[in-house]
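A.B. asks: Just a sequence and a predicted model for now, questions to come.
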Amino acid sequence: MIQRDIISEKGLPSNPEAERFVLGSILLDDSQFIQTAGTLRAEDFSLEKHRRIFLRMVDLHERGEKIDRVTLANELMKTNQLESVDGIGYLVSLDDGLPKIVNLESYVRIVKDKSLLRDMIVASEKVISRCMIGADDPAEILAAAEESLLKLGDSSSQNDLVNPAQILDGFDGGINRFLDPSKRIKGLSTGFLKFDEMTSGLHKGELFILAARPSMGKTALALNMAQHVATHLEKTVAVFSLEMSKESLLTRMICAGARVDQQKFRAGYLNQDERMQLSATASQLMRAPLYIDDTAGTNLMDIHAKLRRLKSQQGLDLVVIDYLQLMSGGAKRYENRNQEVSALSRGLKLLAKELDVPMVVLSQLSRAPETRQGDHRPQMSDLRESGSIEQDADLVGFIFREEVYKQDREDLKGLAELILAKQRNGPIGRIHLAFLKQYTKFENRTEDFGDEPPE
């Protein structure tokens, strides 16, 4: 494996002179340190002695002390590192006769670029080593390779802090559009009117946890949303199904879209109208930018790599994961399942923010709603295996169908609630929906359309 302290022996990309100019400029004028430290890390220097010098400059700056030859030499002596950087003579040579460099940013960029090249070589060497050993699954090695290289790209393009003026200047349409509610960019419509009204849709970078007990319809609701976004809005949607096969998932979507009884479809008892409706819906889905992955036990790294690749090739507008508790923590080992699920929920939130897409993640609930006397509606405390799920989520919704608990009540048939238990940027409350069990499809109630008839 390539180590950073044998860079010169390996002939890796480096520019020691640019590094000397950067360090020397700081010794000449320590006000340059803040500008430099905002871009460079100690690891970006190719020579070990330069890394040690920069780290001691960091220590001096953090204590609020001046950075010059004397203070730097004293700091190196305190850590027994002065001789390892070739003594006081080398410190003097850094700024001796060096003019004030006006374009220091250019030298900083050179140092950073060479560091990035070395990092890519190191990452590639690790991949080659794992391939030669052959102990890991090839798909896992590939996902890790994509992940490591993509992270390097992210580290080289971090956003700077911006002030309100810069935010408004960069907003499409300027300050007038920003302040006009009717022209503000809203979230992604789900097709459910009351939900969109309460949330203004699914927003980029937000994590929506959709939870329910088994057979309540959480997969159906998530697929209904995904299908609407892909077919009606023509936006790119990625669906990860850890429980159902891609064929079963597609069957559900086609039957739901065509409003054909799934049992009749499986049995083959279809009339001509139903066959035509299925064919039309299938054709619509074939044209839609919808992508399905049914890899069982997939982990966060795999999902990350696949989504980054999809976004770069086709774009990405919505991600659905069914469901959280079936995901794997990958190669890392955790003390218990709670820690693993906590890490997964946090990772999914960061992924949603990084990819700048809304992420709908399904989650199981504990058995508490079933044992609760009286009202069986879920509560936040019912989220299974981790209390951090509710902390990481921007939006938490529970599906509740009372007919599941009171099957003898005919008046409850087809009634469903989507309970918004948490919304970071909006109200909470209950949204009433209609559930068509034979189609595994949720729909708006007729009264939700007001004076406008449903399509």
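C.D. replies: That came through, no problem. Note that the coordinates shown come from a computational prediction; the quantities given were computed from them, not determined experimentally.

A.B. asks: isn't Leu344 right up against Thr298?
C.D. replies: No. The criterion here is Cβ atoms under 8 Å, and Leu344 misses it with Thr298 at 11.0 Å. Quick note: C-beta positions are derived from backbone N, CA and C, even for glycine.

A.B. asks: who's more crowded, those two?
C.D. replies: Leu344 (27 against 20; other Cβ atoms under 10 Å).

A.B. asks: what helix or strand does the more buried one sit in?
C.D. replies: Leu344 is part of helix 337-355 when elements are defined by DSSP states H and E.

A.B. asks: Now the element after that helix, going C-ward?
C.D. replies: Reading on from helix 337-355 to the C-terminus, the next helix or strand found by DSSP H and E is strand 359-364.

A.B. asks: How far off centre is that following strand?
C.D. replies: In terms of Cα atoms, centre = their mean, to the nearest Å, the centre of strand 359-364 is found 13 Å from the chain centre.

A.B. asks: Kindly report the same for stretch 92-102.
C.D. replies: 45 Å.

A.B. asks: for it, which positions count as buried?
C.D. replies: 94-95, 101 (16 or more other Cβ atoms under 10 Å).

A.B. asks: Using CSV, write out every CA atom in that stretch.
C.D. replies: Taking Å, rounded to 0.1, in the frame of the first residue of the first chain, the C-alpha atoms of stretch 92-102 are listed here in CSV:
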residue,chain,number,x,y,z
VAL,A,92,14.9,30.5,8.1
SER,A,93,15.2,29.3,4.5
LEU,A,94,11.5,29.2,4.1
ASP,A,95,11.0,32.9,4.2
ASP,A,96,14.6,34.2,3.8
GLY,A,97,14.6,36.5,0.8
LEU,A,98,11.0,35.5,-0.1
PRO,A,99,9.0,38.5,-1.5
LYS,A,100,5.5,39.0,-0.4
ILE,A,101,3.4,36.7,-2.7
VAL,A,102,0.4,38.4,-4.0
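
A.B. asks: From the rest of the structure, what touches that stretch?
C.D. replies: Contact with stretch 92-102 is made by 20-21, 23-25, 27-29, 53, 69, 107, as judged by Cβ atoms under 8 Å, 6 or more residues apart in numbering.

A.B. asks: Now, the buried residues of stretch 92-102 that are in helices?
C.D. replies: If you go by DSSP state H, the buried residues of stretch 92-102 have 94-95 in helices.

A.B. asks: Tabulate the buried residues of stretch 92-102 (CSV), appending distance to Val360 and pLDDT.
C.D. replies: CSV is the format used below for those (distance: Cβ to Cβ, whole Å; pLDDT from 0 to 100):
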residue, distance to Val360, pLDDT
Leu94, 55, 87
Asp95, 57, 81
Ile101, 51, 73
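
A.B. asks: Out of the contacts of stretch 92-102, which sit inside helices?
C.D. replies: Reading helices off the contacts of stretch 92-102 with DSSP H, I get 20-21, 23-25, 27-28, 53, 69, 107.

A.B. asks: Now restrict those residues to buried residues only.
C.D. replies: Applying 16+ other Cβ under 10 Å to these flags 20-21, 23-25, 27-28, 53, 107 as buried.

A.B. asks: ok, back up a step: farthest-apart pair in the ones in helices among the contacts of stretch 92-102, please.
C.D. replies: The distance between the two most remote of these (Cβ to Cβ) is 19.7 Å, for Arg69 and Tyr107.

A.B. asks: For Met286, see how far away the residue nearest to Gly315 when sequence neighbours are not counted is.
C.D. replies: In space, and not counting its chain neighbours, Gly315 is closest to Thr236: 4.8 Å by Cβ to Cβ, 6 or more residues apart in numbering. Taking Cβ to Cβ, to the nearest Å as the measure, Thr236 falls 15 Å from Met286.

A.B. asks: just Thr39 next, same as before
C.D. replies: 48 Å.

A.B. asks: who has more neighbours, these two?
C.D. replies: The neighbour comparison of Thr39 against Met286 (other Cβ under 10 Å) goes to Thr39, with 14 against 9.

A.B. asks: OK, contacts around that one?
C.D. replies: 108-109, 112.

A.B. asks: at 10 Å instead, please
C.D. replies: 22, 105, 108-109, 111-112, 158 (Cβ atoms under 10 Å, 6 or more residues apart in numbering).

A.B. asks: What of Leu91?
C.D. replies: The contact partners of Leu91, by Cβ under 10 Å, 6+ apart, come to 23-24, 27, 53, 68-70, 72-73, 76, 82, 85.

A.B. asks: what about it, helix or strand, and which?
C.D. replies: Leu91 belongs to helix 87-95 when assigned by DSSP H and E.

A.B. asks: Now do stretch 135-143: distance to the chain's middle.
C.D. replies: 22 Å.

A.B. asks: Just the CA atoms of it, as CSV, please.
C.D. replies: Coordinates of each C-alpha in stretch 135-143 appear next as CSV, following Å, rounded to 0.1, in the frame of the first residue of the first chain:
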residue,chain,number,x,y,z
ALA,A,135,-11.2,-12.0,-0.1
ASP,A,136,-14.2,-9.7,-0.6
ASP,A,137,-17.2,-9.8,-3.0
PRO,A,138,-16.4,-8.0,-6.3
ALA,A,139,-19.6,-6.0,-6.1
GLU,A,140,-18.6,-4.8,-2.6
ILE,A,141,-15.1,-3.8,-3.9
LEU,A,142,-16.7,-1.9,-6.8
ALA,A,143,-19.1,0.0,-4.5
